[in-house]
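Colleague: How does the following fold in three dimensions:
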Amino acid sequence: MQSFLSYLADGWLQLSWWQFVLVVLALTHVTIVAVTVFLHRSQAHRGLDLHPAVMHFFRFWLWMTTGMVTKEWVAIHRKHHAKCEREGDPHSPVVFGLGKVFFRGAELYRQEATNPETLKRFGHGTPDDWLERNLYSKYSMLGIVIMLGIDLFLFGLLGLTVWAIQMAWIPFWAAGVVNGLGHAIGYRNFASPDTSTNVFPWGIIIGGEELHNNHHAYGTSAKFSSKWYEFDLGWCYITVLKALGLAKVKKVAPKLRLEPSVASNAPIDGISLATLQGVITHRYEILARYADIIKTTASEEIARLKPQVNKDNPNCSWSLLESCNDWIGRGDDVLAPEQRAELETVAAGDSRLSILVRMQRELAGIWESSSASSEQLLTDLRAWCQRAQQSGIESLEQFALRLRRYAA
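Modeller: Down below sits the predicted model:
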């Protein structure tokens, strides 16, 4: 009887509390690796190819621990990138609000998974073999029921806790933290046309998914870290798999390359097609640098205008100036119409700020012009640099000189 009660309490493994914690963390970490390496980087974005044996292990593990269907997850994620922060984005905090995405992200996922148009348009290229059709997709809930039985056998009644943690792990970290906080708090290396952020510079807990802004800037890259101080654990696993011949990396983000310094009096026609290609390739990094310049200048101008606001510009209150200072320089893509209107009001009162905001839009327009030829884009880039160097704004002049050093 004592043996039966002991088994009922602690299961077949009979683990101590610290062993139990380590095992649970290990099990949930395998799930994280399966999501980031298999579902996200390999299936959704085709940043790498996995050996069939590795791919099937991840498919089997996710079936057992999450019940997620590969085609559904991939389709929903691709749609998120295609319609990011606009109408149709399945889980955007901008569209639904941060609270709903953070606490009810899994519900949004399940709702979108029932949309046949999403699966048809964005779910192409995912596994479609006999196992997928007759087991993993057809009986998606069977795996987690089997997992419950295994957990009860291994851990006894504590297996219920293990199973509950496994079921909540991905909805919390992926749907809540990445899709929610990853568009609300953190820092940005790249001025991608969305609100994505890097939640932490060390991608360990979620296998590198913490570097969400880096991913949105270069969606097809198999490596998420960008700066020297950033760490992507998922990339470490990919590197090991690659060394073992179990993975083939197809795409990584391009490395920034700068030509030697350019003199301020160097002729504008020295800007070549290679420079243009470098600017287009690294456009999000360039816009991020420009945003730093415009925010610094805006802060200086706001401080200078402070004593004059009520006297010279009664329609521009300090609350308006301060609210603009929070998001100024981010670009029109991520600003609401009322924010753009407020920015216009603030910029109109100061020539330097107005110049910076206008030239930011003109710079972005160079690579957004899909119908222009390379020669026309090159002409536009040269003209932009010419105006920047003659603007009389030192920071803008230095920015233009650095822009001329970019290379593909």
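Colleague: Please identify the buried residues of stretch 94-112?
Modeller: V94, V95, F96, L98, V101, F102, R104, G105, A106, L108, Y109, E112 (16 or more other Cβ atoms under 10 Å). For glycine as for every other residue, the C-beta is placed from the backbone atoms N, C-alpha and C.
Colleague: Of these, just say which sits nearest to H282.
Modeller: Within the buried residues of stretch 94-112, distances to H282 taken as Cβ to Cβ reach their minimum at V94, with 25.4 Å.
Colleague: Just the element for the closest one, please.
Modeller: Here V94 sits within helix 93-96, counting by DSSP states H and E.
Colleague: so who does G105 touch?
Modeller: G105 is in contact with H91, P171, A174, A175, G176, N179, G180, counting by Cβ atoms under 8 Å, 6 or more residues apart in numbering.
Colleague: just checking, the first one is part of a helix?
Modeller: No - residue state for H91 (DSSP: H, G, I helix; E, B strand; the rest coil) corresponds to coil; a helix is not indicated.
Colleague: I figured A253 hits A222, correct?
Modeller: No - counting by Cβ atoms under 8 Å, A253 stays clear of A222, with 9.2 Å between them.
Colleague: in the chain, which spans are strands?
Modeller: For the chain, the strands defined by DSSP state E occupy 48-50, 202-203, 231-232, 247-249, 257-258, 406-407.
Colleague: Give the residue from A253 and A222 that has the larger number of neighbours.
Modeller: Set A253 next to A222 and count neighbours by other Cβ atoms under 10 Å: A222 wins out with 27 against 22.
Colleague: now that one: how far from C385?
Modeller: 34 Å (Cβ to Cβ, to the nearest Å).
Colleague: list the contacts for the residue minimising distance to the centre of the chain?
Modeller: Geometric centre of the chain, nearest residue: H212, 3.0 Å, by Cα atoms, centre = their mean. Listed by Cβ under 8 Å, 6+ apart, the contact set of H212 reads V178, G182, H183, G186, S196, T197, N198, V199.
Colleague: Can you get me a residue count around W12?
Modeller: The number of residues near W12, taken as other Cβ under 10 Å, comes to 12.
Colleague: again with G207
Modeller: G207 has 25 nearby residues by other Cβ under 10 Å.
Colleague: How about the contacts made by it?
Modeller: H29, I32, V33, V35, T36, V37, L233, G234, Y237.
Colleague: can you rerun that using 7 Å?
Modeller: I32, V33, T36, L233, G234 (Cβ atoms under 7 Å, 6 or more residues apart in numbering).
Colleague: and the fourth one, what pLDDT?
Modeller: Spelled out, that is L233. Listed pLDDT for L233 reads 98.
Colleague: That one reaches I205, doesn't it?
Modeller: No - here L233 does not reach I205: they are 8.7 Å apart, not a contact under Cβ atoms under 7 Å.
Colleague: Tabulate the buried residues of stretch 94-112 (a markdown table), appending distance to R257 and pLDDT.
Modeller: What follows is these, written out as a markdown table (distance: Cβ to Cβ, whole Å; pLDDT from 0 to 100):
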| residue | distance to R257 | pLDDT |
| --- | --- | --- |
| V94 | 34 | 84 |
| V95 | 37 | 86 |
| F96 | 40 | 89 |
| L98 | 37 | 86 |
| V101 | 37 | 90 |
| F102 | 39 | 87 |
| R104 | 44 | 87 |
| G105 | 38 | 86 |
| A106 | 42 | 86 |
| L108 | 40 | 91 |
| Y109 | 39 | 91 |
| E112 | 40 | 94 |
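Colleague: ok, of those residues, which one's closest to R78?
Modeller: Out of those, the member with the shortest distance to R78 (by Cβ to Cβ) is E112, at 11.3 Å.
Colleague: on that earlier part again, rebuild the contacts of H212 as CSV, extending it with pLDDT, neighbour count and distance to H80.
Modeller: Converted to CSV, the contacts of H212 look like this (pLDDT from 0 to 100; neighbours: other Cβ atoms under 10 Å; distance: Cβ to Cβ, whole Å):
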residue, pLDDT, neighbour count, distance to H80
V178, 92, 25, 11
G182, 93, 26, 11
H183, 90, 26, 10
G186, 93, 17, 18
S196, 93, 25, 10
T197, 94, 21, 15
N198, 97, 26, 17
V199, 95, 24, 17
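Colleague: need the contact list for T70.
Modeller: Here T70 is in contact with L39, Q43, R59, T126, P127 (criterion: Cβ under 7 Å, 6+ apart).
Colleague: which among these gets closest to Y139?
Modeller: Using Cβ to Cβ, these come closest to Y139 at R59, 13.5 Å.
Colleague: And for the closest one, the neighbour number?
Modeller: 24.
Colleague: So in the protein, which helix runs the longest?
Modeller: For the chain, the longest helix by residue count, based on DSSP state H, is helix 283-305.
Colleague: Counting neighbours, show which residues of that helix come out buried.
Modeller: 283-288, 290-291, 293-295, 297-298, 301-302, 305.
Colleague: before we move on, what about stretch 160-174?
Modeller: V162, W163, Q166, M167, W169, I170, P171, F172, W173, A174.
Colleague: Check the residues you listed for the minimum pLDDT and say which it is.
Modeller: A174 (86).
Colleague: got the contact list for that one?
Modeller: Taking Cβ under 7 Å, 6+ apart, one finds V35 in contact with A174.
Colleague: switch to 10 Å and redo it
Modeller: Going by Cβ atoms under 10 Å, 6 or more residues apart in numbering, A174 touches 31-32, 35-36, 39-40, 66, 68, 73, 77, 91, 105-106, 109, 180, 182, 206, 209.
Colleague: Kindly provide the distance from it to V101.
Modeller: From A174 to V101 the distance is 11 Å (Cβ to Cβ).
Colleague: Quickly list what's touching both of those two.
Modeller: H91, G180, G182.
Colleague: rewinding a little: so which of the buried residues of helix 283-305 is the closest to S264?
Modeller: For the buried residues of helix 283-305, the nearest to S264 is I293 (17.0 Å; Cβ to Cβ).
Colleague: so where's the stretch 1-150 of the chain shaky on pLDDT?
Modeller: Along the stretch 1-150 of the chain, the model assigns pLDDT under 70 to residues 1-10.
Colleague: and which of the contacts of G207 is nearest I144?
Modeller: Looking across the contacts of G207 and measuring by Cβ to Cβ, the closest to I144 is I32, at 16.6 Å.
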